[in-house]
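K.L.:
Output the structure for:
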Amino acid sequence: MIARALRLRRPFEFERVRRQGRSWATPLVVMAVLPNDLGQNRYGFAVGRRVGKAAARNRVKRWMREATRRLHPCLQQGYDIVFIARGTMADPGVTYHQVYDAIAVLTERAKLRQHREDCSQASPDTRGTPP
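P.N.:
Numbering: from 1, shown residues only. So this is what the prediction gives:
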């Protein structure tokens, strides 16, 4: 679970990040990033109806939260980050590991990853299993 202080909760917070921030995309996930003055990252997750019914949307949100939770210690701090699931997440063949890899690629593209020895790219065996 991501702590309450590390979450974006209000619609205007999501909107501000989407309008004023910079975004990167993969076929599965779009990531929007905006610097904040808090010294810590705050995360928001959005999954639209085109991803599927409620159970599928909730599963996708859990996967994105878990991937973000695992990557959080390796990310530079001081940003509001919104992850938006794309319609391709509705494909039944999509796995947690693909979502993790997509989020890892996005954070690398945005140059948010810290390059420390303990933060190297996780191998498939160490990146975790879905919740």
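
K.L.:
Just the helices from this protein, written as ranges.
P.N.:
Under the criterion DSSP state H, the chain contains helices at 11-20, 54-71, 96-109.

K.L.:
could those be laid out in TSV, adding mean neighbour count?
P.N.:
(C-beta placed from N, C-alpha, C; glycine too.) Converted to TSV, those look like this (neighbours: other C-beta atoms under 10 Å):
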stretch	mean neighbour count
helix 11-20	14
helix 54-71	18
helix 96-109	20
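
K.L.:
Take those helices and write them to CSV, including mean pLDDT.
P.N.:
As requested, these are arranged in CSV below (pLDDT from 0 to 100):
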stretch, mean pLDDT
helix 11-20, 95
helix 54-71, 95
helix 96-109, 96
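
K.L.:
now for those, which one comes closest to G87?
P.N.:
Smallest distance to G87 across these (C-beta to C-beta): 10.9 Å, for helix 54-71.

K.L.:
In contact with the closest residue to R109 other than its chain neighbours, which residues?
P.N.:
For R109, ignoring the flanking residues on the chain, the nearest one in space by C-beta to C-beta, 6 or more residues apart in numbering is W24 at 4.9 Å. W24 sits next to V30, M31, V33, L106, R109, A110 when contact means C-beta atoms under 8 Å, 6 or more residues apart in numbering.

K.L.:
what about the fifth one, distance to W63?
P.N.:
Taking C-beta to C-beta, to the nearest Å as the measure, R109 falls 19 Å from W63.

K.L.:
again, but for the third one
P.N.:
The spacing between V33 and W63, counted by C-beta to C-beta, is 20 Å.

K.L.:
likewise the last one?
P.N.:
Going from A110 to W63 by C-beta to C-beta gives 19 Å.

K.L.:
same deal with F12?
P.N.:
The value you get for F12 to W63, if C-beta to C-beta is used, is 26 Å.
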